[in-house]
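Visitor: Give me the fold of what follows.
(chains A and B)
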Amino acid sequence: MVAPTQTKMEEKKNGNNLLEVKGLKKFFPIQKGLLKRTVGHVKAVDDVSFFVRHGETLGLVGESGCGKSTAGRSIIRLYEPTEGQILFESRTLSADGNPKLVNLLDLNAAEMKQIRKEISMVFQDPINSLNPRMTVSDIVAEPMQIHGLYMGRETEEIIVRLLERVGLRPDHLRRYPHEFSGGQRQRIGIARALSLNPSLVICDEPVSALDVSIQAQTLNLLQDLQKDFNLSYIFVAHDLSVVEHISDRVAVMYVGKIAEIATAEELYSRPLHPYTEALLSSVPKPDPLYQSKRIVMQGDVADPSNPPSGCYFHPRCRYAEEVCKLKTPEIRELRPDHFVACHRAEELTLEGI
Amino acid sequence: MSEPLIEVKDLHVEFDVRAGVVKAVDGLTMTINRGKTLGVIGESGCGKSVTARAILNMIPRPGKITQGEIIYHRRRGKDGQAGLDDIIDLSKTETDGKVIRSIRGGEIGMIFQEPMSSLTPVYTAGVHINEAVSLHHLTPVRKVGDQIAEQVAAHRNVTKEEAREIAIKMLRRVGIPKPDQRVDSYPHQLSGGQRQRVMIAIALSCEPAMLIADEPTTALDVSIEAQILDIMRELQETADMAIMFITHNLGVIASMAEEIVVMYMGKVVEQGKVLEIFRDPKHPYTQALLKSIPQLGKKKMGERLASISGMTPDPFNLPTGCVFHPRCPMFMPGRCDKVAPKWTQVAEGHYASCLLYEEA
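Guide: Coordinates of the predicted model:
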């Protein structure tokens, strides 16, 4: 069962993948007592595989606590992954100038530092992710200083251009983060993420804290920057309509596992996993005449330290059968570029949007 | 027919801070009818939460109601007739007086947003939790059940045992599993969605005539959000409760409200039935707001969102004329920046304040 899936994934890789995550696991130990003995693990990310092509956006959605942010952070080893492979096409680590495929988990600290030039992050909270004692120009210049790329006046010009590109004025350079609105702060965060000319940007809920009109401005900016700099994004968010708008492909996560990955259009119109179907049906539509066909998911999200047997979603799934309680479903490609982890995916006809 | 419960007339709320005076609410008029849902939408800082607090007469200092009336039609007894209502101007009641205290929480309940970005980096997590929880009126060292029971006891004449029974009943009603055990849980033992449901249970335990829901589901996942909205709808039907629903989520408001008020910089810019607002928005701000949200299932590749240009203006230095004119796509030079628009009827029961609809 496992082998064909693996080869399918391999085949895809031979296309033009910037990043490929294989069997990523991140378990947080639960320690108890005086001796801090490990009594269990929170399986935040549990055997997750996906890939990101050049210049595309992969959306990562799911309910809170499903491990989407942990997965994003594990990629640049902000959290040290427990197991798995993270293959990344690196420019800086190759000797001959051609991109070279490296496993990030095999790298030492010095090599990892080089990789952080190529993969950067934009965080959710624009207030806490900016140092309140640093000016905007310091914040944007800091990554360049750390990597020894700071060249005085020349760099200043780069920073000014970068800030203008994200919609800030040069006279903002000497100001502090508290002088800006939420949307402007997020722009500073984006400018900082782009200062080292990365190829992959991991956006962790970048618009969740923003007002609708500012959210639209920020999403447009991210799309423009993607075109201009040929960026790939991993876009972690819980808002399904935002993810649909920005993503080329979308991965749905549930309790540390990937339930389904497909192109945005396919996933939203023809979901194959009952969890995706239920999630889509819960989104309130901005249309007063819309008759909700909401599928009620019984109970709460499973506890990642003590997940149910078989398919983690089975206690809440209205299609669950005996096999779902016993066996963990493998993720497999059911339609071209459409992967799903559900025993009954073939026989079910699920409704999209 | 619709019978008014709260009438807000020409309300002005000002915050006199060192840098100047902020007009948080500037001449707001609206009516909340018995048993109906009024949706209030707008961006942060537009004065929607301040309006809600003004109704309960609990504007934080240095804010003050400087002008206007908030008429509350208080029903005498449970089976009282509309004609026998007491009419109370809530804005004139004493902030800490007996009258307003019996209304707050008892006759008008309120649910707050889960505090998400209000954390100060200099406090430990523990202090934060205490603070957040006390904002929620949930005290961490006391059981959830006791807190509901206390609310009931404060507003209804019941014994301790009866209050506990009511607490369990309320928890069951808001869909908390095993309510007879959960009643003895502390807030930290509950998930975010459950905590919000307890908040709703507290607000509803005294069968209020009106519920003010200030962004009640913003911090929750869609699946939990849908559950909470169902509970609110169901309780509204069974208890004939009015809801003032404040949100910036247009999807939520479309499914909840009968009537919508759109606010911008302390003013109502448009008001109408939910269908009219979504199908035929008149004010350029409402139009822009509706266009700026990505719609599910309507993806076009490479499509951009129509965003509103610029930012909300500096509250100390509001633009002249129409406050929206610097960002407005329909800006008419020489008029919009000079003349303040008047409240104009644009269709049956549909009002907007925009010079486009005023006769020159």
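Visitor: If we ignore the residues flanking it in sequence, what's nearest the residue of the stretch 51-200 of chain A found nearest chain B?
Guide: Closest approach between the stretch 51-200 of chain A and chain B, counting by C-beta to the nearest C-beta: A:E63, at 4.2 Å. (Each C-beta comes from the backbone N, C-alpha and C, glycine too.) With sequence-adjacent residues excluded and distances taken as C-beta to C-beta, 6 or more residues apart in numbering or on different chains, A:E63 is closest to B:D221, at 4.2 Å.
Visitor: Could you do A:I75 as well?
Guide: Take A:I75 and drop its neighbours on the chain: the residue closest to it by C-beta to C-beta, 6+ apart is A:I86, 5.8 Å away.
Visitor: what do you get for A:A345?
Guide: In space, not counting the residues next to it along the chain, A:A345 is nearest to A:L272; the distance is 4.6 Å by C-beta to C-beta, 6+ apart.
Visitor: Do I have it right that that neighbour meets A:H338?
Guide: Yes - with contact defined as C-beta atoms under 8 Å, A:L272 counts as touching A:H338 (6.6 Å).
Visitor: Give me the more crowded residue out of the two.
Guide: A:L272 (25 against 19; other C-beta atoms under 10 Å in any protein chain shown).
Visitor: Show the contacting residues for the more buried one.
Guide: For A:L272, the contacting residues are A:260, A:262, A:334-335, A:338, A:340, A:342, A:345, A:348, A:350, by C-beta atoms under 8 Å, 6 or more residues apart in numbering or on different chains.
Visitor: Likewise for A:F235?
Guide: Residues counted as contacts of A:F235 (C-beta under 8 Å, 6+ apart) are A:57-60, A:203, A:206, A:243, A:246-247.
Visitor: Widest-spaced pair of those?
Guide: A:L58 and A:P206 (14.2 Å; C-beta to C-beta).
Visitor: out of these two, which sits in the busier spot?
Guide: Comparing A:L58 with A:P206 by other C-beta under 10 Å, the one with more neighbours is A:P206, at 29 against 24.
Visitor: Make sure that one is actually in contact with A:Q124.
Guide: Yes - using C-beta under 8 Å, A:P206 is in contact with A:Q124, at 6.7 Å.
Visitor: so where does A:V323 fall, helix or strand?
Guide: Using DSSP states H and E, the element containing A:V323 is helix A:322-326.
Visitor: Now find how far off-centre that helix is within its chain.
Guide: Chain-centre distance of helix A:322-326: 30 Å, with C-alpha atoms, centre = their mean, to the nearest Å.
Visitor: Return the alpha-carbon coordinates of the following helix or strand past it using CSV.
Guide: Next helix or strand after helix A:322-326 toward the C-terminus (DSSP H and E): strand A:332-335. Coordinates of the C-alpha atoms in strand A:332-335 are reproduced here as CSV (Å, rounded to 0.1, in the frame of the first residue of the first chain):
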residue,chain,number,x,y,z
ARG,A,332,-3.1,8.4,-2.1
GLU,A,333,-3.6,10.1,-5.4
LEU,A,334,-7.1,9.5,-6.5
ARG,A,335,-7.3,12.1,-9.3
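Visitor: Please name every helix or strand in contact with strand A:332-335.
Guide: Other elements packing on strand A:332-335 under the criterion 3 or more C-beta pairs under 8 Å, 6 or more residues apart in numbering or on different chains; DSSP states H and E are helix A:2-13, strand A:338-340.
Visitor: Lowest average confidence across the ones you listed, which one?
Guide: Note on those: helix A:2-13 shows the lowest mean pLDDT, a mean of 45.
Visitor: now stretch B:321-332: how far from the chain's centre is it?
Guide: Counting by C-alpha atoms, centre = their mean, stretch B:321-332 is centred 26 Å from the centre of its parent chain.
Visitor: tell me the mean pLDDT over it?
Guide: On average, stretch B:321-332 scores 90.
Visitor: still on that earlier bit, so of the contacts of A:F235, which ones are in strands?
Guide: A:57-60, A:203 (DSSP state E).
Visitor: Any idea which residue of the stretch 1-150 of chain B lies closest to chain A?
Guide: Residue of the stretch 1-150 of chain B nearest chain A, by C-beta to the nearest C-beta: B:E43 (4.3 Å).
Visitor: Hmm, that residue is touching B:T247, no?
Guide: No - using C-beta under 8 Å as the test, B:E43 is too far from B:T247 to be in contact (11.3 Å).
Visitor: These two: who's more crowded?
Guide: The neighbour count for B:E43 versus B:T247, taken as other C-beta under 10 Å, is higher for B:T247 (23 against 20).
Visitor: From chain A, how far off is that one?
Guide: Distance from B:T247 to chain A, counting by C-beta to the nearest C-beta, to the nearest Å: 10 Å.
Visitor: Could you list the buried residues of the host helix or strand of B:Y72?
Guide: Element membership for B:Y72, per DSSP H and E: strand B:63-74. Neighbour-count burial for strand B:63-74 flags B:63, B:65, B:68-74 (criterion: 16 or more other C-beta atoms under 10 Å in any protein chain shown).
Visitor: just to revisit the earlier point, name the nearest residue to the residue of the stretch 1-150 of chain B closest to chain A, ignoring sequence neighbours.
Guide: Using C-beta to C-beta, 6+ apart and skipping residues adjacent in sequence, the residue nearest B:E43 is A:D211, 4.3 Å away.
Visitor: residue boundaries of the strands in the stretch 201-350 of chain A?
Guide: In the stretch 201-350 of chain A, the strands defined using DSSP state E, counting those that start in this stretch lie at A:232-236, A:249-254, A:257-263, A:332-335, A:338-340.
Visitor: May I have stretch B:14-23 as CSV, with CA atoms only?
Guide: Coordinates of each C-alpha in stretch B:14-23 appear next as CSV, following Å, rounded to 0.1, in the frame of the first residue of the first chain:
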residue,chain,number,x,y,z
GLU,B,14,-16.2,61.5,23.1
PHE,B,15,-12.8,60.5,24.5
ASP,B,16,-11.0,63.5,25.9
VAL,B,17,-7.3,62.4,25.8
ARG,B,18,-4.2,64.4,26.0
ALA,B,19,-3.7,64.6,22.2
GLY,B,20,-7.2,65.9,21.7
VAL,B,21,-10.8,64.8,21.6
VAL,B,22,-11.7,61.6,19.7
LYS,B,23,-15.3,61.5,18.6
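Visitor: which of the residues in that stretch are buried?
Guide: For stretch B:14-23, the neighbour count (16+ other C-beta under 10 Å) marks B:14-15, B:22-23 as buried.
Visitor: any bit of that stretch sitting next to chain A?
Guide: No - figure legend: stretch B:14-23 not in contact with chain A (C-beta under 8 Å from any C-beta of the partner chain); closest approach 13.2 Å.
Visitor: quick one on the thing from earlier: how about residues contacting the helix holding A:V323?
Guide: Identification of contacts with helix A:322-326 by C-beta under 8 Å, 6+ apart yields A:308-311, A:314, A:317, A:343-344.
Visitor: just to revisit the earlier point, now do the same for the residue of the stretch 1-150 of chain B closest to chain A: helix, strand or coil?
Guide: Reduced to three states with DSSP: H, G, I helix; E, B strand; the rest coil, the structure at B:E43 is coil.
Visitor: Would you list the phi and psi of it?
Guide: When read as degrees, to the nearest 10, the backbone of B:E43 gives phi -80, psi 170.
Visitor: got a list of what it touches?
Guide: Taking C-beta under 8 Å, 6+ apart as the contact definition, B:E43 lies against A:211-214, B:248, B:264, B:312.
Visitor: Which of these sits closest to A:E142?
Guide: Taking C-beta to C-beta as the measure, A:I214 is the one of the contacts of B:E43 closest to A:E142, at 24.7 Å.
Visitor: isn't that closest one right up against A:R187?
Guide: No - A:I214 is beyond contact range of A:R187, at 9.7 Å (criterion: C-beta under 8 Å).
Visitor: Tell me what A:S90 is bridged to.
Guide: With DSSP bridges as the criterion, A:S90 is bridged to A:K100.
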